[in-house]
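Participant: Give me the fold of what follows.
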Amino acid sequence: MECLSAVEIVSPHNAVPEAAVIWLHGLGADGNDFAGIVPELRLPASLGVRFVFPHAPSIPVTINNGYVMPAWYDILAMDIDRKVDTVQLLRSAAAVHALIEREIARGIDSRRIVLAGFSQGGAVILQAALSCDKPLAGAMSLSSYFATEATVEPNPVNASLPVLVCHGSRDPVVNESLGVRAEAMLRRMGHPTEYHRYPMEHSVCLEEIRDISHWLQARLA
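Facilitator: Residues are numbered from 1 along each chain as shown. Next comes the predicted model:
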């Protein structure tokens, strides 16, 4: 599979990457959406990390009257159970697997690769991380939900994958109850989870960035 085009940033900029973070944006955005967070993470100079922010393909999105926009999958209805096009979601998860393979080919140990995703990007990375046949360092689900909790086929090599779940208590787009539900399901599946809530809407805040940084450093130290 041909890899998705992406924005890539190495932190610190002159380091030889020894770890990688593949970070998916949300609906209607692109790979530039989270690139500005990298310097705000303030990772230590001793930790060389390649951040990969792929661009989703542009497809018609049903909930937006069929308007064509960057999306990892179509969303058919915005009810609490989030009716989504699962075939497209699985295709996006396969695209993430291809990016993982590319990082491995570049010399990064899979156990030093973290997957991250915001909103629908988070739904993709949960599917991709749990089904990946290479052991990973961890996964981050940000303001998201577990769209494939009933259908995912976990790979044993990631049975104890650590997962960070972050959510805003005032999120009008993805209700916090979906983040709570995702964390509870992951915990029941045997994953070490960490849950953080913030007084924000469907976004990212400075406190969350600090928590992400600490969690990343713990996974990649």
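
Participant: Going by C-alpha atoms from here, please, whenever you check contacts or count neighbours.
Facilitator: OK.

Participant: next SSE after the lengthiest helix in the chain?
Facilitator: When the chain is parsed with DSSP state H, its longest helix is helix 86-105. Using DSSP states H and E, the helix or strand that follows helix 86-105 towards the C-terminus is strand 113-118.

Participant: Centre of the chain to the helix or strand just after that next one, how far?
Facilitator: Per DSSP H and E, strand 113-118 leads on to helix 120-131 as the next helix or strand towards the C-terminus. A distance of 6 Å separates the centroid of the chain from that of helix 120-131, by Cα atoms, centre = their mean, to the nearest Å.

Participant: who does the helix or strand that helix 120-131 is followed by touch, helix- and strand-wise?
Facilitator: Downstream of helix 120-131, the first helix or strand assigned by DSSP H and E is strand 138-142. Here strand 138-142 touches strand 113-118, helix 120-131, strand 163-168, going by 3 or more Cα pairs under 8 Å, 6 or more residues apart in numbering; DSSP states H and E.

Participant: Dump those into JSON lines; add mean neighbour count as well.
Facilitator: Shown next, in JSON lines, are those (neighbours: other Cα atoms under 10 Å):
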{"stretch": "strand 113-118", "mean neighbour count": "26"}
{"stretch": "helix 120-131", "mean neighbour count": "27"}
{"stretch": "strand 163-168", "mean neighbour count": "25"}
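
Participant: Please name every helix or strand in contact with the strand or helix carrying Val52.
Facilitator: Using DSSP H and E, Val52 sits within strand 49-54. When contacts are defined as 3+ Cα pairs under 8 Å, 6+ apart, strand 49-54 sits against strand 6-11, strand 19-24.

Participant: Starting from the last one, tell me which strands it pairs with and how they run.
Facilitator: For strand 19-24, the paired strands and their directions (DSSP bridges) are strand 49-54 (parallel), strand 113-118 (parallel).

Participant: I'd like to check the angle between it and helix 86-105, please.
Facilitator: 160 degrees (axes from the mean of the first three to the mean of the last three Cα atoms, to 10 degrees).

Participant: distance between strand 19-24 and the chain's centre?
Facilitator: The answer for strand 19-24 is 8 Å, by Cα atoms, centre = their mean.

Participant: Contacts for that strand next, please.
Facilitator: 31, 34, 47-55, 96, 99-100, 103, 108-109, 112-118, 121-122, 125, 220 (Cα atoms under 8 Å, 6 or more residues apart in numbering).

Participant: Can you report the mean pLDDT over the residues of that strand?
Facilitator: Taken as a whole, strand 19-24 has a mean pLDDT of 98.

Participant: Can you give the distance of the helix or strand following that strand from its chain's centre?
Facilitator: Once the chain leaves strand 19-24, the next helix or strand it forms, by DSSP H and E, is helix 37-41. What separates the centre of helix 37-41 from the centre of its chain is 16 Å, taken as Cα atoms, centre = their mean.
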